[in-house]
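[1] Quick one, what's the 3D model for this:
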Amino acid sequence: MADSLPAELDVVVLGTGLQEAIIAAAYSRIGKKVLHLDRNNYYGGDWASFSFSGLLSWIEACRGQSSSNAEVNWKDKILEGEDAIQLDQIDKTIENVEVFCFASTITEEDGAEEGALENKQSNVDSDSAIANRALISQDEKDQTSTVINDEEKNPENIKDPLSTKDVSTEIIQPEDIPSSTDVPSSTTSDTSVAKELIAANTDSSEINTNSVEQAPDVSSQEVTKETKKMTYSQIIKNGRKFNIDLTSKFLYARGPLVDLLIKSNVSRYAEFKNINRILAVQEGKVQQVPCSRADVFASKRLSMIEKRMLMKFLTFCLEYEEHPDEYQDFKDSTFSSYLKTKKLTASLQQYILHSIAMTSESVSTIEGLQATQRFLQCLGRYGNTPFLFPLYGVGEMPQCFCRMSAVFGGTYCLRHSVQCLVVDRETARCKAVIDSNGLRITCEHFIVNESYLPKKSTQNIQYRYISRAVLITDSSILKSESEQISILTVPAREDCQPLVRIIELCPSSMTCPQGTYLVHLTCPSNGTAKEDLEPVMYRLFAAYSESEENDSHECEGEKPKVLWALFFNVRDSSAVDRNAYEGLPSNVYVCSGPSAALGFEQSVEQAEAIFHQLCPGEEFCPAAPNPEDIIYDGDGARPENAGFGTPSETLTVEREENVDGDTAEHGQDEKEKISEVSAINKMDRESETSSPDAQTLKNSINETEMPKDAE
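    Here you go, the predicted structure:
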């Protein structure tokens, strides 16, 4: 494939992060020729999602491996009157990687991942694959756990868990950051992660895990009973059921990404789940925060006076622009100071500041009011919270837009990069690129993720960093009778400490197997990720201890146990202006990595801005045509996989019963005339026929918005 890439294109995109994927999709959609490359063997870059073994391979790639792309002499491709800008082939966006295993461990022979026989990665070493088959064959004779579905998501990220080396408590310094060009192949190394983390202390107990298709709601008692048997070996065996995000975010129900998914019809490629609850820490305990009107009046923790005070203030925030006299005198003060003047109780102030506005105490009054208003405006569109989560992880988002680009003619090639840009001296524009095989490709524009830029272009930039932690726990942070996706904002105890955002994902989010929860911690960096996030981890969680498990019984206030933990820092370039990058041609456009914000606003806005610079006057990501409007070449026969879903696949809820089809199977003109009342009634019927914990948006978010007054 790499040897037959087109030699002339409209645009070359380097990196498959969210911004790059959106731009590639938008550019392909208007008929332009797009070549989309990535030095990794997976999509997403710092937006990627991994299985557990895939994550171990990613950690191994961060431990110091250099680029696997052989250096090809490109200097003879540079003609007279041309200059070259050599790009960086080593990813330096990840630092300070530290891994800790708290779960009980067993022998390596029992630690093979279920489903590994289906591993078809091109870079898997054949000898290791044979050894792995032998291990799994032996395991199948001894264990009785159910076999997972062969059609699990993201098989390209799956690696042999025995392939990576010990990373426990290892810190990666910036100068040691390796290339992510090639996630390491499976080997039979004696220093693998699986071998060194597995100690002589063994626990032969097994758990019988459910396949992801079943994903039933289980009581906290049942989950706790299962997790008492969870071992590191069983985490590896269930590794294909994990989808672990490098970037942890939610979609605002009325945010720009949801609007873009609806407009472009890219939502057909993804499934979404409502966020069930928003939590807060009050008096050292985790509590659920009432958000909607119904939640406020149903709450037993708030007095009637507090309920009225809260509703009055939230109603004001929803339309605060119309009452400038209420906040004009506090424009220069902090939002927390402003809340104290509104006669709100201390608990209500904390609810509003940290769980609704989700801001720190240092933000201004205007910023706090804007954040509160955005939260309230998103309520009710798809559930009783303003958030959606993509099933199988945030890594699905860039892949969805890459799929749209491919449908409309985009060319994709992973494990392939660009060595240098060819710059015309007269025009100072990039006229071509030379890829990792030495092929010269002519292009009008070049879009690149900032992690590929050479050091001389970024040497004067002071980057911010984001501290991230990923925890695998044995139970929910707030136990309930059904599975819940939760978000919790933990305020800083000291002025110098950052505000920490915690997102807890349950098995029904398709990101972790039954008996475990996946917890993401995120905050702006003050130090290493471990220094920033470990105090919060131990404040709300407890390290798993096999001795405690054996002699303790279930108690109501028991903290969830951490089975496995990963800490790392990721570079945040979202605030860097394009002009800050030195020595780049005018037709080279730079995309930043993920920001520390909860939503996707910055990414969508940056992608749209770059697209309009490329194609002034063109519509950004127009909707795909209806199948009946497509004119096919040749005999007029419609291809079997044209990439267009049937129009009736608009909004489907898990376990739906007798839900009428949407009227969107008519032409574009008729779509614009769909009754908003009909859309509201449809959502009401779906909510009535679906349990709240299984209310999942599938294939597409509804094409017709719900009016505000219908909430």
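[2] which residues of the stretch 451-600 of the chain score low on pLDDT?
    546-557 (pLDDT under 70).
[3] So which residues of it form strands?
    Per DSSP state E, counting those that start in this stretch, the stretch 451-600 of the chain carries strands over the ranges 464-473, 486-490, 500-505, 517-524, 542-543, 561-572, 588-591.
[4] would you put the C-alpha positions of the fourth one in CSV?
    Only the C-alpha atoms of strand 517-524 are listed here, as CSV (Å, rounded to 0.1, in the frame of the first residue of the first chain):
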residue,chain,number,x,y,z
TYR,A,517,-14.5,0.1,36.9
LEU,A,518,-12.3,2.3,34.9
VAL,A,519,-11.4,5.7,36.5
HIS,A,520,-9.8,8.6,34.7
LEU,A,521,-8.2,11.5,36.7
THR,A,522,-7.3,14.7,34.9
CYS,A,523,-5.9,18.0,36.0
PRO,A,524,-3.5,20.8,34.8
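[5] Kindly reformat the strands of the stretch 451-600 of the chain as JSON lines containing mean neighbour count and distance to Ile235.
    C-betas here are computed from N, CA, C, even on glycine. Formatted as JSON lines, these follow (neighbours: other CB atoms under 10 Å; distance: least, CB to CB, whole Å):
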{"stretch": "strand 464-473", "mean neighbour count": "24", "distance to Ile235": "6"}
{"stretch": "strand 486-490", "mean neighbour count": "24", "distance to Ile235": "21"}
{"stretch": "strand 500-505", "mean neighbour count": "24", "distance to Ile235": "15"}
{"stretch": "strand 517-524", "mean neighbour count": "23", "distance to Ile235": "11"}
{"stretch": "strand 542-543", "mean neighbour count": "16", "distance to Ile235": "15"}
{"stretch": "strand 561-572", "mean neighbour count": "23", "distance to Ile235": "6"}
{"stretch": "strand 588-591", "mean neighbour count": "23", "distance to Ile235": "34"}
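[6] can you list those strands in CSV and add distance to Ile94?
    Conversion of the strands of the stretch 451-600 of the chain to CSV gives the following (distance: least, CB to CB, whole Å):
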stretch, distance to Ile94
strand 464-473, 9
strand 486-490, 24
strand 500-505, 19
strand 517-524, 14
strand 542-543, 24
strand 561-572, 6
strand 588-591, 17
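[7] Minimum distance to Thr345: which of those has it?
    In terms of CB to CB, the element of the strands of the stretch 451-600 of the chain nearest to Thr345 is strand 486-490, at 18.6 Å.
[8] coming back round to it: just tell me which of the strands of the stretch 451-600 of the chain ends up closest to Ser362.
    strand 517-524 (11.8 Å).
[9] Not counting its own residues, what contacts the closest one?
    242, 244-245, 248, 464-477, 498-507, 509, 511-512, 532-533, 536-537, 541, 560, 572, 596 (CB atoms under 8 Å, 6 or more residues apart in numbering).
[10] returning to that earlier point: out of the strands of the stretch 451-600 of the chain, which comes closest to Ile30?
    strand 588-591 (16.3 Å).
[11] Starting from that closest one, tell me which strands it pairs with and how they run.
    Sheet pairing of strand 588-591 (DSSP bridges) gives strand 440-449 (parallel).
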